[in-house]
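> predicted model follows, preceded by the sequence.
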Amino acid sequence: MATQSLKTRFLFTLHLLAVFATWLIPFLVNWKIALLVYAAVMIQFAIFGKCLMNEHHGTAEVDDRIFYHEFLEPLGFKFSGGGLKFFVRRLLYPALALFTLVWQLFLGHEPLIF
């Protein structure tokens, strides 16, 4: 990323923050809002077959590589094939939605923000 422009690095960081935010949503916002966010992400994958934010920071989705590869591999995680892409695109967001429902509705935890 050293040769990338400031704008590209900023957008990459913004995308990274958005990813982290999706992991925290079950604790931060009401389950109704959380489900809308997760549904929007999954609909994006279903319609466009990719994350639309990738275009803005130069992360190309080739050879089953996705944005998660860009920040997990420098941390030492290694992935082969399309397993990570399948996990993120098909399992992660439905699992987060289910976790949100369990956390808030069944366990009775209130969201921290709204």
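Cool, the structure landed. All of these numbers come straight from a predicted model, not from anything done at the bench.
> packing partners for the strand or helix carrying L14?
Using DSSP states H and E, L14 sits in helix 6-28. Contacts defined by 3 or more C-beta pairs under 8 Å, 6 or more residues apart in numbering; DSSP states H and E place helix 6-28 against helix 31-48, helix 67-72, helix 93-101. Bear in mind the C-beta positions are built from the backbone N, C-alpha and C, glycine included.
> in the chain, what helix or strand scores lowest on average pLDDT?
When each helix and strand of the chain is scored by mean pLDDT, DSSP states H and E, helix 67-72 comes last, with a mean of 85.
> the helix holding L14 vs helix 93-101, what angle?
Angle between the axes of helix 6-28 and helix 93-101 is 40 degrees (criterion: axes from the mean of the first three to the mean of the last three C-alpha atoms, to 10 degrees).
> quickly note the distance from R65 to G81.
R65 sits 11 Å away from G81, taking C-beta to C-beta, to the nearest Å as the criterion.
> just I25 next, same as before
According to C-beta to C-beta, I25 stands 28 Å off from G81.
> what's the answer for L28, then?
33 Å.
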